[in-house]
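Peer 1: heads up, no residue letters with this:
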Ligand SMILES: [Zn+2]
């Protein structure tokens, strides 16, 4: 029986708005072998159905079969592994530093609207007490299993052990030399997975060693390090650059700086804020050429103002003014972004001239490999978690699936239902 060739009814927007967080998706229909990016062992064909029984990616079907449940209509779309953001402070009016479950929930829901299925909750340079509270809150939130929308994959500590010369919009009042004791206390209260630090600060070497021993990734950023200091930190195990180009020493042809070290060393992952404000499109293109998709990490570095429009917002005790899509302190310093990863991906495609088929790892697989979770997410492979992002032909997000459940559905998109499981209350 062919249920799929006839045009399915449009999914009424009032129902889309009332989607409960736990809406199981039985699969996606109408895919082709070419429309699946990041797929492993995708069968040939142009009427593919991908099933997601439970939280995992299930078998492919290449014939029209009748299955109960709710199916997304993937015709004309691209299916990608769910986006992962390694550097995000907030969005939808909420910030990780609020240290409340409500704020984390708001961020999880907000980013899911932009294709994100997992992220590192990122702190800012703040007092030890405030950072402890934020990290402990992430741990509590995970325990409560209250998460709806995207999943929190851990904590990224941005600072506080950064260079006072390159604070960017981190509050310089709280920038300080590395403290093993503070770091151990942070490890003890929550899932710290990454730390951004300045490797040239006294004591940074010991902290890098401590972090790596604890399984915490070390990212270099907000740093005055020279080329030589940056390379030495990479030799010591640092593996990533935080928002490459921004808040680090630039590339001069006789002093290649941190940027020169990052772009020339294949061991290093390079984060990029692809908003066209932090970094010129040509610099994005240079980064793409140097690092390739496997070492490029698009990040949002978004703050609570993301999705909220122009106005004045708090970030780590500093006042941030959002205007024309740029976030700045009173003195004009760029202060995080209102970027979302879907927009970042479109900007990056434009800047590099890459096709989506070439570029897709920069929002998922590269992050999953960097985080060491690529046995769970980052590809579309039977048995992996059903964390998926469906884009239309313009690379706009149609739907976001987290663990086999619909976390976001664009109002007007087609969801074919053979069973009604909606809460209409
Ligand atoms: Zn940041």
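Peer 2: Thanks, I have the structure now. From a predicted model like this one, the values you see are computed outputs, not experimental measurements.

Peer 1: residues in contact with the helix or strand harbouring residue 183?
Peer 2: Assessed by DSSP states H and E, residue 183 sits inside helix 180-189. For helix 180-189, the surrounding residues in contact (CB atoms under 8 Å, 6 or more residues apart in numbering) are 128, 131-132, 135-136, 139, 157, 192, 195, 203, 206-207, 210-211, 214, 216. To be clear about C-beta, it is placed using only N, CA and C from the backbone, and glycine gets the same treatment.

Peer 1: and it, average pLDDT?
Peer 2: Averaging pLDDT along helix 180-189 gives 98.

Peer 1: contact partners for the closest residue to residue 169 other than its chain neighbours?
Peer 2: The spatial neighbour of residue 169 that comes closest, neighbours along the chain excluded (CB to CB, 6 or more residues apart in numbering), is residue 335 at 3.3 Å. Residue 335 sits next to 168, 169, 303, 315, 318, 320, 327, 328, 329 when contact means CB under 8 Å, 6+ apart.

Peer 1: surely the fifth one meets residue 169?
Peer 2: Yes: under the criterion of CB atoms under 8 Å, residue 318 lies in contact with residue 169, with a separation of 6.4 Å.

Peer 1: return every residue with contacts to both of those two.
Peer 2: Taking CB under 8 Å, 6+ apart as the criterion, residue 318 and residue 169 both touch 329, 335.

Peer 1: more neighbours: which of those two?
Peer 2: More crowded of residue 318 and residue 169, by other CB atoms under 10 Å: residue 169, with 24 against 19.

Peer 1: report the secondary structure state of that one.
Peer 2: Secondary structure, DSSP: H, G, I helix; E, B strand; the rest coil: residue 169 is coil.

Peer 1: scan the helices and strands of this protein for the one with the lowest mean pLDDT.
Peer 2: helix 13-17 (a mean of 40; mean pLDDT, DSSP states H and E).

Peer 1: if we can go back for a sec, quick one: distance of the helix holding residue 183 to the chain centre.
Peer 2: How far helix 180-189 lies from its chain's middle: 25 Å, per CA atoms, centre = their mean, to the nearest Å.

Peer 1: which other helices and strands contact the helix or strand following that helix?
Peer 2: For helix 180-189, the succeeding helix or strand toward the C-terminus, using DSSP H and E, is strand 192-197. On a contact count with 3 or more CB pairs under 8 Å, 6 or more residues apart in numbering; DSSP states H and E, strand 192-197 meets strand 151-158, helix 204-213, strand 217-220.

Peer 1: could those go into TSV alongside distance to the ion?
Peer 2: Listed next are those as TSV, based on distance: least, CB to the ion, whole Å:
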stretch	distance to the ion
strand 151-158	5
helix 204-213	18
strand 217-220	10
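
Peer 1: in CSV: the ones you listed, plus distance to residue 249.
Peer 2: Below are those laid out as CSV (distance: least, CB to CB, whole Å):
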stretch, distance to residue 249
strand 151-158, 18
helix 204-213, 15
strand 217-220, 11
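
Peer 1: in a markdown table, list those along with mean pLDDT and mean neighbour count.
Peer 2: Formatted as a markdown table, the helices and strands packed on strand 192-197 follow (pLDDT from 0 to 100; neighbours: other CB atoms under 10 Å):
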| stretch | mean pLDDT | mean neighbour count |
| --- | --- | --- |
| strand 151-158 | 97 | 25 |
| helix 204-213 | 98 | 17 |
| strand 217-220 | 98 | 25 |
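
Peer 1: of all these, which one is nearest residue 309?
Peer 2: Closest approach to residue 309 among the helices and strands packed on strand 192-197 (CB to CB): strand 151-158, 24.5 Å.

Peer 1: just checking: what are the partner strands of that closest one?
Peer 2: The pairing partners recorded for strand 151-158 under DSSP bridges are strand 116-123 (parallel), strand 192-197 (parallel).

Peer 1: so residue 228 lies in a helix, does it not?
Peer 2: Yes: the assignment for residue 228, made by three-state DSSP, places it in a helix.

Peer 1: neighbours around it, how many?
Peer 2: Residue 228 is flanked by 13 other residues according to other CB under 10 Å.

Peer 1: coming back round to it: please spell out the PyMOL selection for the buried subset of the contacts of residue 335.
Peer 2: Of the contacts of residue 335, the buried ones go into a single PyMOL selection, burial set by 16 or more other CB atoms under 10 Å:
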select buried, resi 168+169+303+315+318+320+327+328+329
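
Peer 1: which bits of the stretch 151-300 of the chain sit near the ion?
Peer 2: Within the stretch 151-300 of the chain, the positions near the ion by CB under 5 Å from the ion are residue 158.

Peer 1: rerun that using 8 Å as the cut-off
Peer 2: Contact residues, the stretch 151-300 of the chain versus the ion (CB under 8 Å from the ion): 158, 168, 169, 170, 196, 242, 243.

Peer 1: what does the stretch 301-425 of the chain give?
Peer 2: When proximity is defined as CB under 8 Å from the ion, the stretch 301-425 of the chain approaches the ion at 301, 336.

Peer 1: tell me the spacing between the residue nearest in space to the middle of the chain and residue 173.
Peer 2: When CA atoms, centre = their mean is applied to the chain, the residue found nearest the centroid is residue 85 (1.0 Å). Residue 85 sits 27 Å away from residue 173, going by CB to CB, to the nearest Å.

Peer 1: look up how far the ion lies from residue 83.
Peer 2: Distance, residue 83 to the ion, by CB to the ion, to the nearest Å: 17 Å.

Peer 1: beta partners for residue 241?
Peer 2: residue 220, residue 270.

Peer 1: can you give me the pLDDT of residue 410?
Peer 2: What the model reports as pLDDT for residue 410 is 89.

Peer 1: contacting residues for it?
Peer 2: The contact partners of residue 410, by CB under 8 Å, 6+ apart, come to 16, 396, 397, 398, 399.

Peer 1: against residue 400, how distant is it?
Peer 2: 10 Å.

Peer 1: circling back: now, which of the contacts of helix 180-189 sits nearest residue 30?
Peer 2: Relative to residue 30, the closest of the contacts of helix 180-189 is residue 139; by CB to CB it sits at 40.7 Å.
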